[in-house]
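1. Here is a sequence together with a model predicted from it:
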Amino acid sequence: MILRTLLRSRSRLAFLACLLAVGLSAGLAQAQTLVGRITDVEGQLYLFVQAQNNWVPTVKDAPFGLSDSLYTNPDSRAEIVMPNNVVLRLGPSSQVQLATAKPALAEFAETAGVARFSNQNSTTAVNVTTPYGVIEASPGATFDVYVGDQSMEVLALAGAVNFIHAKDRTPYRIVPGAASLIANAVEVGPGSGTVDPTWEAWNQGLDRLWAQRTAAASASVQYLPKPLRRDAYELDKNGRWERVLYKGREVMLWRPTDVPNGWAPFSTGRWVEWNGDTTWVPAESFGYVTHHYGNWVYVNDTWFWQPPRPSGPEPSWYPGRVAWVGSGEEVGWVPLAP
């Protein structure tokens, strides 16, 4: 199959506009789906693909959605950010599955390795199921979970964290700054409460990076809905907001400024199959938020991105908001306007 982007002239755009009803992306069916994003990968990260019944390599800026399972190599680490501001970080040889993804609840299943869960939302609860019990964390909580072959350990770093033992449903409170909790199939006891120095240094490095990004973000924050404001720094760094006359009224739209002549959305990156849909994985640092939320519009020979309304409903995630067209072995796509 030959993939070509049919976006090179206004005459082609006019032609494609007549065909939108023929090949709308299945991404329209993804409205209101809460989908996370792989924001950092060191080493090799794998995603379990049900259709292949196998683990396949995945990359930064790939999606992480309901029922997805991730696994890291022995020398690898990864970070995943959910739109409800729950952050998941995986250490070496770790496996985690996303069981529930809602604005007020994120549930995971961890079966191996070490993971840090940071609930940075004031209204969201986080639950983690392990072979030995369930961890329940309130808004604002951060905790580490170590899962081995015969036992597990939970260490609270901030906020309220509870553990419910699988054997008899007995609840235990884990207090930040105090002992950790160790559990196996039959008993629960205190742990040393210490964090691996290498693991902690990596987490602190990412914490500093996000703090710098948040401090640097300025103009874009006011135009983005809350779940997308983590990407404000990328928009500030890679483009600018302009007042544009679009469909008879002036609106604030963003356009990339550090792209080559002739650039078009959905042209720098690749399409992959994810959860039975054709999903765009961008190569630009600003590409994730602008290609999975909102819309691209073509005004005065320039591509602009229109974000979801800042005060509107929960922004809808799309695998790629495009219309597909084709003839024989040639396939093309065009971004859908609002």
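-> Received, thanks.
2. which element is residue 108 on?
-> strand 105-119 (DSSP states H and E).
3. Could you tell me the end-to-end distance of stretch 189-207?
-> End-to-end span of stretch 189-207 (CA to CA, to the nearest Å): 30 Å.
4. so who does residue 179 touch?
-> Listed by CB atoms under 8 Å, 6 or more residues apart in numbering, the contact set of residue 179 reads 190, 191, 192, 193. No exception for glycine: its C-beta is placed from N, CA and C like everyone else's.
5. Distance to residue 129, secondary structure and neighbour count for those residues - can I get that in JSON lines?
-> Formatted as JSON lines, the contacts of residue 179 follow (distance: CB to CB, whole Å; DSSP: H, G, I helix; E, B strand; the rest coil; neighbours: other CB atoms under 10 Å):
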{"residue": "190", "distance to residue 129": "22", "secondary structure": "strand", "neighbour count": "12"}
{"residue": "191", "distance to residue 129": "20", "secondary structure": "coil", "neighbour count": "17"}
{"residue": "192", "distance to residue 129": "24", "secondary structure": "coil", "neighbour count": "10"}
{"residue": "193", "distance to residue 129": "22", "secondary structure": "coil", "neighbour count": "16"}
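6. Closest one of those residues to residue 223?
-> Distance to residue 223, by CB to CB, is smallest for residue 193 among the contacts of residue 179, at 43.4 Å.
7. From residue 184, how far out is the closest one?
-> In this view, residue 193 and residue 184 are 18 Å apart by CB to CB, to the nearest Å.
8. Please apply the same query to residue 115.
-> Residue 115 is 19 Å from residue 184, by CB to CB.
9. More neighbours: these two, which one.
-> residue 115 (24 against 17; other CB atoms under 10 Å).
10. element containing the residue most central in space within the chain?
-> Geometric centre of the chain, nearest residue: residue 37, 1.5 Å, by CA atoms, centre = their mean. In this assignment (DSSP H and E), residue 37 forms part of strand 36-42.
11. can you list contacts of that strand?
-> By CB under 8 Å, 6+ apart, strand 36-42 touches 45, 58-65, 70, 76-83, 88, 98, 101, 202, 206, 288.
12. Show the buried residues in the residues you listed.
-> Among the contacts of strand 36-42, those classed as buried by 16 or more other CB atoms under 10 Å are 45, 58, 60-65, 70, 76-83, 88, 98, 101, 202, 206, 288.
13. Take these and keep only those in helices.
-> 202, 206, 288 (DSSP state H).
14. For residue 108, see how far away the first one is.
-> Distance of residue 202 to residue 108, computed by CB to CB: 19 Å.
15. Report how many residues lie close to the residue lying closest to residue 276 once chain neighbours are set aside.
-> Leaving out its chain neighbours, the residue that sits closest to residue 276 by CB to CB, 6 or more residues apart in numbering is residue 51, at 7.5 Å. Residue 51: 8 surrounding residues under other CB under 10 Å.
16. Run through the residues that contact residue 84.
-> 34, 101, 102, 103, 104, 106, 121, 124, 227.
17. Look up phi and psi at it.
-> Dihedral angles phi and psi of residue 84 (degrees, to the nearest 10) take the values phi -90, psi 10.
18. Would you quantify the distance from it to residue 124?
-> 5 Å.
19. Show me what the residue nearest to residue 48 when sequence neighbours are not counted is bridged to.
-> Spatial nearest neighbour of residue 48, excluding adjacent residues (CB to CB, 6+ apart): residue 69 at 4.2 Å. For residue 69, the beta-bridge partners are residue 97 (DSSP bridges).
20. give me every residue that touches residue 69.
-> Listed by CB under 8 Å, 6+ apart, the contact partners of residue 69 are 47, 48, 95, 96, 97, 98.
21. What ranges does the stretch 1-150 of the chain have for its strands?
-> Secondary structure of the stretch 1-150 of the chain (DSSP state E, counting those that start in this stretch): strands at 2-3, 36-42, 45-49, 54-58, 63-64, 69-72, 77-81, 86-90, 95-102, 105-119, 125-130, 133-137, 142-147.
22. Out of those strands, flag the one nearest residue 279.
-> When those are compared by CB to CB, strand 63-64 sits nearest residue 279, at 6.3 Å.
23. Off-centre distance for the closest one?
-> On the basis of CA atoms, centre = their mean, to the nearest Å, strand 63-64 sits 5 Å off its chain's mean C-alpha point.
24. Stretch 199-207 too?
-> Centroid separation for stretch 199-207 versus its chain: 19 Å, with CA atoms, centre = their mean.
25. thinking again about what came up before, now do the residue nearest to residue 48, the pLDDT please.
-> As predicted, residue 69 sits at a pLDDT of 98.
26. likewise residue 19?
-> So, for residue 19, pLDDT stands at 33.
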